[in-house]
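# Here is a sequence with its predicted model. Questions after.
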Amino acid sequence: MPTIAVPRDALFEALGKTYTDEEFDELCFDFGIELDEVTSEKEMLIREMGEEKAEANDQKASEQVIYKIDIPANRYDLLCMEGLVRGLLVFLRKIEAPVYKAVLPSRPHRLLVKPATAQVRPFVVAAILRNIAFTQASYNSFIDLQDKLHQNIGRKRSLVAIGTHDLDTLKGPFTYEALPPEQIKFVPLNQTREFTAVELMDLYSKDSHIRHYLHIIQDKPVYPVIYDKNRVVLSMPPIINGDHSKISLSTRNVLIECTATDLKKAKIVLDTLVTMFSEYCETPYTAECVEVVRADGMVEKYPELRYRNEVVTVCDINRGVGINEGAESIAKLLTKMCLRSQVIEGGKSIKIEIPPTRADVLHGCDIMEDVAIAYGFNNITMTLPKTSCVAKQLPVNKLSDQLREGVAQAGFTEALTFALCSRDDVSVRLRKELATIPAVHISNPKTLEFQVARTTLLPGVTKDDIGQQEHAPPDEAV
Amino acid sequence: MVQANPQNIEDLTGAALAELSALNSLEALEQWRIAYLGRRGSLTLVLRGLSGLDIEERRRIGALANQAKESLESGLEGRTREINEAALLRAAQEDRLDVTLPGRLLSEGRLHPTTQIVREICAAFVGMGFSVVEGPEVEWDHYNFEMLNIPKGHPARDMWNTLRGLWKNQRPPVRVIVPGKCYRYEATDATHEWHFYQVEGLAVDEGITFANLKGTLYEFARRLFGEERQIRFRCDYFPFVEPGVDMSIDCFACDGHREGCRICRDSGWIEIMGAGMVHPRVLAGVGYDPDKYTGFAFGMGPERIAMLKYGIDDIRHFYANDLRFLRQF
């Protein structure tokens, strides 16, 4: 479950109300998220580096209170403060959910995809945020959200990687290409000289952060790269952006590109970034389309920001949740969850508009969940299932239970052991040749203690330093 | 051979009895018996000598010899009794029973705390009509993930283990509880172990609702943690259930006082399991008609439950096999 850190005072200011920790905890609970920890930048620093070092860093770390909040893994719309505040305000009925728009200018920017990208990272989507005004806080939040999306839905950048650029430093049209690494050469983010892609892989192999992403393209014959009209490198996804187009606090027009091995997820990531941060655009909640010209010549427009409708019967919802609510009441509950709803068919069904922020709503049961949250899981009356079942134990479990019982009564203490052990445990220590043991070997053991699946149970017990005392053999027959 | 005359018999008897009275052990008595009364004993030989005498002599001396034999035998018997009694008396004096001494410790057997808690959990559900079944140790990727609505590359693949079991062979109503070992690719610390137990459960039937899930798990929580326990649910995400929740019980350690409570970390609530309504796609995946059937599923870590119940602070104790730990349960 991802955790986001938000400064408390800014959060309360955005919510238009000051809460006590308990009150805010309660609100989170009702909304289906969790206030995990109340801390501060300084406390976090102390925990990370120890008191002394943190003291030395004192200047930087503030004592400002930070809320750490756990977000369900599929709620990408709550992974930044902007989205959290919006969701809570709609939930509290202080605002209505905004309507997100993608506008197509008369001469849209184009991003041309070259066929070679199919060999390494076939998809790209892009969008532009026009006339945005960042503050230090919103800028940080923008960077944080990208990181959260990379880690979660982007599966550590393997599925989706994001690049954001100062559009005013670039000139379209852009091309998404895949080239042999030695042919790619540019100044990467926060460096002062050019590196080839080969050199970059070497440079970042020592970087504690970036080295984890190198394997995604390392062994490919070609590496993905995005150029502008003047062959300025925007990024070499999923590794690093170019320094030339890096964004800053003063950037006004942001080009967002997402390259991917999974197109659907790339669209969700792009929609999420755009819906969250278009809030700071001159025309809020509006993004400018970029045309992506696929290798086969098809032209697609992004961001999609698609709204779709689902119809669910009142009866199904009541039946699944185990409540008995009227259509109007259910529609109201759903609207609180950013799912604008209206009663149709004379109260028999509800039509629900799924906004682009709610990529997690795929199925009728997802809608049922939002009804249950808004109604309050804890307000649902408890009942037991109406049918009865005759329960029994599997014979083998019964036997093993009886054996345990009998052996324990004879004075043996039951011990449970790990399913893995070292090679020596099943061979040398038992005076046997490893070659004669039909053990399942772990090909990449993390420690010397766990190299093979155990072939016998007792080595796991005897290796602990309690040799002369009595034991029951571990319970599990393998 | 000693001649069988009255003088000899008298001398022999006198010497034997004198010797006897000086003996102090049963072994010495046996030596003495062999020397006088054994097959080649002195008196035995005298008796054998009687055969060479005429009838008159034989009758007279024979009677004397028989008397001598009887007196030796009764002397032996008496001396044996005396020695035994003396030994008994000595034993009674020397080995007197001291009832104040501490008793000798018998080794006591124990079931592993995980076994105990798994049994307690299963018993609670068996009481509500759940059958106990066990899945295989190793699952095909297909059953473990694809079938549970977790596509390749989904973040939730890391999150929860599975409802393994016997889906395919059972038709609703299904109510099963599945205890088993799980393995997770995870760094170990005080609350994480790569190898642990899990107890998962599933109920599928027509008309199973979220309210049923609440009712069932509420009964369970009260069975394990006390009749007065309260529960609460918060939404959580597991891809194979929708809605997904986690369930907490009110803290039994601080009873709502919170301040400084190590168990609930001042929150007043302790999370004990994940649960939810089985995703319709999961039901369809095993051939149950999702329009007809609904179900709920739940899963919990018995080690965590045991840690809460018994105040164990480190999950790594469970597999360290330290008897000082194991014998406390």
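Yep, that arrived.

# Using CSV, write down the CA coordinates of the helix or strand containing B:C182.
Taking DSSP states H and E as the criterion, B:C182 maps to strand B:174-183. In CSV, the C-alpha atoms belonging to strand B:174-183 read as follows (Å, rounded to 0.1, in the frame of the first residue of the first chain):
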residue,chain,number,x,y,z
VAL,B,174,-18.8,-23.4,-0.2
ARG,B,175,-17.5,-22.6,3.2
VAL,B,176,-13.9,-23.5,3.7
ILE,B,177,-11.0,-22.5,5.9
VAL,B,178,-7.5,-23.1,4.6
PRO,B,179,-4.5,-23.1,6.9
GLY,B,180,-1.1,-23.4,5.2
LYS,B,181,2.4,-22.2,4.8
CYS,B,182,3.2,-19.2,2.6
TYR,B,183,6.5,-17.9,1.3
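
# What is the very next helix or strand once past it packed up against?
Next along the chain after strand B:174-183, taking DSSP H and E as the criterion, comes strand B:195-206. When contacts are defined as 3 or more C-beta pairs under 8 Å, 6 or more residues apart in numbering or on different chains; DSSP states H and E, strand B:195-206 sits against helix B:113-126, strand B:174-183, helix B:210-225, strand B:293-300, helix B:302-310. In short, each C-beta sits where N, CA and C put it, glycine included.

# quick one on the thing from earlier: what inclination does the strand holding B:C182 have with respect to helix B:210-225?
For strand B:174-183 against helix B:210-225, the angle by axes from the mean of the first three to the mean of the last three C-alpha atoms, to 10 degrees is 60 degrees.

# Just checking strand B:174-183 against chain A, any contact.
Yes - residues of strand B:174-183 contacting chain A under C-beta under 8 Å from any C-beta of the partner chain: B:R175, B:K181, B:Y183.

# Pull out the buried residues from that strand.
B:V174, B:R175, B:V176, B:I177, B:V178, B:P179, B:G180, B:K181, B:C182 (16 or more other C-beta atoms under 10 Å in any protein chain shown).

# my read: the fifth one touches B:Y197, true?
No - contact status for B:V178 versus B:Y197: not in contact, 10.8 Å apart, counting by C-beta atoms under 8 Å.

# Would you point out which residue is most central in chain B?
B:G109 (3.1 Å; C-alpha atoms, centre = their mean).

# repeat for chain A
Note: chain A centre (C-alpha atoms, centre = their mean) maps to A:N152, 2.1 Å.

# could you list every residue that touches that residue?
Residues near A:N152 by C-beta atoms under 8 Å, 6 or more residues apart in numbering or on different chains: A:P2, A:A73, A:Y76, A:L79, B:P155.

# Going by distance to chain A, which of the residues of strand B:174-183 next to chain A wins?
Proximity of those to chain A (C-beta to the nearest C-beta) peaks at B:R175, which lies at 4.3 Å.

# show me the contacts for the closest one.
Contacts of B:R175 by C-beta under 8 Å, 6+ apart are A:P385, A:C389, A:A391, B:M128, B:G129, B:F130, B:S131, B:G201, B:L202, B:A203, B:V204, B:D205.

# can you tell me how far A:A435 sits from chain B?
A:A435 sits 24 Å away from chain B, going by C-beta to the nearest C-beta, to the nearest Å.

# Look up how far chain B lies from the residue of chain A positioned farthest from its centre.
Here the centre of chain A is the reference, and by C-alpha atoms, centre = their mean the most remote residue is A:A410, at 52.3 Å. Taking C-beta to the nearest C-beta as the measure, A:A410 falls 6 Å from chain B.

# got the contact list for the nearest residue to that residue once chain neighbours are set aside?
Leaving aside its chain neighbours, A:A410 sits nearest to B:G109 (6.2 Å; criterion: C-beta to C-beta, 6 or more residues apart in numbering or on different chains). For B:G109, the contacting residues are A:V407, A:A408, A:Q409, A:A410, A:G411, A:F412, A:T413, A:E414, A:A472, by C-beta under 8 Å, 6+ apart.

# mind showing which ranges of the stretch 201-329 of chain B have poor pLDDT?
B:256 (pLDDT under 70).

# which bits of it sit near chain A?
Counting by C-beta under 8 Å from any C-beta, the residues of the stretch 201-329 of chain B that sit close to chain A are B:203, B:205-212, B:214-216, B:218-219, B:232-237, B:239, B:242-245, B:267, B:277, B:279-281, B:294, B:318-323, B:326-327.

# For PyMOL, write the selection for the buried entries among those.
Typed into PyMOL, the next command selects the buried ones out of these (criterion: 16+ other C-beta under 10 Å):
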select buried, chain B and resi 203+205+208+209+210+211+212+214+215+216+218+219+232+233+234+235+236+237+239+242+243+244+245+267+277+279+280+281+294+318+319+321+326
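
# domains of the chain?
No chain was given, so I picked chain A. A:3-91, A:101-302, A:308-377, A:395-462 (automatic domain parsing).

# Wait, chain B was what I had in mind.
If you go by automatic domain parsing, chain B breaks into B:6-94, B:113-326.

# Deepest-packed of the ones you listed, please.
domain B:113-326 (a mean of 19; mean count of other C-beta atoms under 10 Å in any protein chain shown).

# Secondary structure element for the closest residue in space to B:S42 that isn't next to it in sequence, which one?
Spatial nearest neighbour of B:S42, chain neighbours left out: B:Y36 (5.4 Å); criterion: C-beta to C-beta, 6+ apart. Per DSSP H and E: B:Y36 is located in helix B:26-37.

# Return that helix as CSV; C-alpha atoms alone will do.
C-alpha atoms of helix B:26-37 as CSV (Å, rounded to 0.1, in the frame of the first residue of the first chain):
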residue,chain,number,x,y,z
LEU,B,26,25.2,-62.5,52.4
GLU,B,27,28.1,-63.3,50.0
ALA,B,28,30.1,-64.6,53.0
LEU,B,29,27.2,-66.7,54.1
GLU,B,30,27.0,-68.3,50.7
GLN,B,31,30.7,-69.1,50.8
TRP,B,32,30.2,-70.6,54.3
ARG,B,33,27.2,-72.7,53.1
ILE,B,34,29.2,-74.1,50.2
ALA,B,35,32.1,-74.9,52.6
TYR,B,36,30.0,-77.0,55.0
LEU,B,37,26.7,-77.9,53.3
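
# how many neighbours does A:T20 have?
8 (other C-beta atoms under 10 Å in any protein chain shown).

# ok so, going back, nearest to A:V187, of the contacts of B:R175?
Checking those against A:V187 by C-beta to C-beta gives B:L202 as the nearest, at 56.7 Å.

# List the beta-bridge partners for the closest residue to that closest one other than its chain neighbours.
Among residues not flanking B:L202 along the chain, B:A297 sits closest, at 4.8 Å (C-beta to C-beta, 6+ apart). For B:A297, the beta-bridge assignment (DSSP bridges) gives partners B:L202, B:G276.

# List the contacts of B:A297.
Neighbours of B:A297 in contact, by C-beta under 8 Å, 6+ apart: B:L163, B:E200, B:G201, B:L202, B:A203, B:F240, B:V241, B:A275, B:G276, B:M277, B:V278.

# which among those gets closest to A:L15?
For the contacts of B:A297, the nearest to A:L15 is B:G276 (29.1 Å; C-beta to C-beta).

# Quick check: the gap between that closest one and A:G320.
Using C-beta to C-beta, to the nearest Å, B:G276 is found at 11 Å from A:G320.

# How about B:A68?
Relative to A:G320, and taking C-beta to C-beta, B:A68 is found at 112 Å.

# How about A:E13?
39 Å.

# Settle it for me: which of these two has more neighbours?
A:G320 (26 against 12).

# which SSE is B:E85 in?
Using DSSP H and E, B:E85 falls in helix B:55-94.

# Report the distance from that helix to the chain centre.
57 Å (C-alpha atoms, centre = their mean, to the nearest Å).

# list the helices and strands that helix packs on?
By 3+ C-beta pairs under 8 Å, 6+ apart, helix B:55-94 packs against helix B:6-21, helix B:26-37, helix B:42-49.
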